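*Asks:* What follows is a predicted structure for the sequence shown.
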Amino acid sequence: MELKPCPFCGETVAPRLTSYGYIWCDNGCKTAFNTTDEIFNTRPIEDALLEAAKAGLEYVRTSCGQVVRKQRLKEQLSSAIEQAEGSNHE
C-alpha cells in the first residue's frame with residue numbers, strides 16, 4: 001500500500017518494519033507513527049475538506065454556467081425585441 005505524505009511536513013514517509021510497527025518520516029520532521037498503513041492513510045478532516053472543495057467547485061461550475069446561459073438568453077431576447085421594434089417602425 002502506498003502511504004500518504006507526512007501530515008506534519010508533507011514529505012514522503014517510509015514504512016520501517018520494526019517490532020513496534022512504526023512508520024517513519026525521515027525527511028523534514030523526523031516523526032514516528034506507531035500505527036498501521038491503513039490507519040496512517042486515514043485522514044478524515046482532509047477527506048472532508050477535499051469533498052467540500054469538490055462540491056464548491058461543482059457549484060461554481062454550475063452557477064457560472066447558469067450565469068452564461070442567462071446572459072445569452074438576455075442577449076437573444078434583446079436582439080429579438082430590437083428586431084421586433086425595428087419591423088414595427090417600417
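*Replies:* Noted; the coordinates are in hand. Residues are numbered from 1 along each chain as shown.
*Asks:* List the contacts of the closest residue to D37 other than its chain neighbours.
*Replies:* Excluding its sequence neighbours, the residue lying closest to D37 (Cβ to Cβ, 6 or more residues apart in numbering) is M1, at 4.6 Å. (Each C-beta comes from the backbone N, C-alpha and C, glycine too.) By Cβ atoms under 8 Å, 6 or more residues apart in numbering, the contact set of M1 is D37, E38, N41.
*Asks:* How about Q66?
*Replies:* Under the criterion of Cβ under 8 Å, 6+ apart, Q66 has no neighbours.
*Asks:* Distance check, it against L3.
*Replies:* For Q66, the distance to L3 equals 41 Å [Cβ to Cβ, to the nearest Å].
*Asks:* before we move on, what about V60?
*Replies:* For V60, the distance to L3 - Cβ to Cβ - is 32 Å.
*Asks:* quick one: which of these two has more around it?
*Replies:* Remark: of V60 and L3, L3 carries more neighbours, 15 against 10, as counted by other Cβ atoms under 10 Å.
*Asks:* With adjacent residues omitted, what lies nearest to that one?
*Replies:* In space, L3 is closest to V13, 5.3 Å off (Cβ to Cβ, 6+ apart).
*Asks:* If anything else comes up later, I'll come back, but that's it for now.
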